[in-house]
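Peer 1: fold the following, please.
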Amino acid sequence: MLKIKRVYETKEAKDGTRILVDRLWPRGLSRLEAHIDQWAKEVAPSQELRQWFAHQSEKWPEFKERYERELSTPEKSRLLEQIALMAGRNDVTLLYAARDSEYNNAVVLGEILAKLMKDLPQS
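Peer 2: The predicted model follows:
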């Protein structure tokens, strides 16, 4: 099962594998406090896209489009498939640092991964 939560929230047993999906390490959080199993910065938005978006909700539709384009490379597609397979077998929580729970890259990743999970074999 795939979940999304803010990295600053308390770790719970039901989180399963915790994957940070931001390019930058969360401010004010030590590696010990973060309880992160994997840092998938390769699937985070590019620095240019992240800075352009700046969590401005009016840019959300275009951000999603641009971000999905960035994720369409073969290398990133393989990483997303690996995460989708993992989430199909076990609990996986995508972690993000943004304050906005509605407009952030983890939301886009969650949508993409949910589609992939439907299409991939779940052995």
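Peer 1: going forward, measure contacts between C-alpha atoms and count neighbours the same way
Peer 2: Will do.
Peer 1: helix or strand: which one has L94?
Peer 2: L94 belongs to strand 92-96 when assigned by DSSP states H and E.
Peer 1: by contact count, what packs against that strand?
Peer 2: strand 2-6, strand 17-20, helix 105-119 (3 or more CA pairs under 8 Å, 6 or more residues apart in numbering; DSSP states H and E).
Peer 1: which residues are contacting the helix-or-strand element of the chain with minimal mean pLDDT?
Peer 2: Lowest on mean pLDDT, DSSP states H and E among the helices and strands of the chain sits helix 31-34, with a mean of 90. Helix 31-34 is contacted from outside by 7-8, using CA atoms under 8 Å, 6 or more residues apart in numbering.
Peer 1: which of the residues in that helix are buried?
Peer 2: A34 (16 or more other CA atoms under 10 Å).
Peer 1: ok, stretch 6-26 next?
Peer 2: 6-8, 15-23, 25-26.
Peer 1: which one of these sits closest to I36?
Peer 2: Set against I36, the nearest of the buried residues of stretch 6-26 by CA to CA is R18 (5.2 Å).
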